[in-house]
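Visitor: generate a structure from the sequence data that follows.
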Amino acid sequence: MALNIVLFEPEIPQNTGNIARTCAAIHANLHLVHPLGYSLDEKHLKRAGLDYWHLVTITEYENVASFMELHGQDNLYFFTTKARHYYTDVEYPDDTYLIFGKESAGIEESILVAHPDTCVRIPMIAEARSLNLSNSAAIAAYEFMRQKQFPTLQRTGKLHTLSWGEAT
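Guide: Here you go, the predicted model:
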């Protein structure tokens, strides 16, 4: 089972860093599709990912066309506000690619038109344009993991119920 988070032309280093941290926490692969709006050496990127970088497998692609050429026949799910299906309506296969577009413009329209059945959206009120990229990726990734019953995640730990007025 492999979960792959794909960022088409991400522009904001903090978002990529936060997504890398999510990938590390759930053992997902991160795919970065150039051009990037920042350098991978940028301090904001590294700071957002904290000390989790060694836990993330990152694959880079020259451009969207090269990614699509290599993975076009894989299980691709495109997150967009233009989709008719909710992200929770999908039963994700074991090897899935959750794809997100750049912050300013999303995923190129021609790709969405070519894949209407695998375009999904996160519901929100009509007045909201979109969610933050790193929040969207986390929502989607944890839905995939929930459907698979969190196979790679730690299920042990001490549960503690707080009483009203008790300090956390």
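
Visitor: pLDDT weak spots in this protein?
Guide: Applying pLDDT under 70 to the chain flags the ranges 42, 44-45, 48-50, 154-168.

Visitor: hmm, 90 instead?
Guide: 1, 38-54, 126, 129-130, 151-168 (pLDDT under 90).

Visitor: what residues does the spatially most central residue of the chain make contact with?
Guide: Most central in the chain under CA atoms, centre = their mean is residue 137, positioned 3.0 Å from the mean C-alpha point. Counting by CB atoms under 8 Å, 6 or more residues apart in numbering, residue 137 makes contact with 5, 7, 19, 22, 98, 100. Using the backbone N, CA and C atoms, a C-beta is placed for each residue, glycine as well.

Visitor: if we use 7 Å, what do you get?
Guide: For residue 137, the contact set (CB atoms under 7 Å, 6 or more residues apart in numbering) comprises 5, 19, 22, 100.

Visitor: you'd agree it is in a strand?
Guide: No. Assessed with DSSP: H, G, I helix; E, B strand; the rest coil, residue 137 is helix; it does not lie in a strand.

Visitor: grab the nearest non-local neighbour of it.
Guide: Nearest residue to residue 137 in three dimensions, chain neighbours excluded: residue 19, at 4.7 Å (CB to CB, 6 or more residues apart in numbering).

Visitor: good, we can wrap up now.
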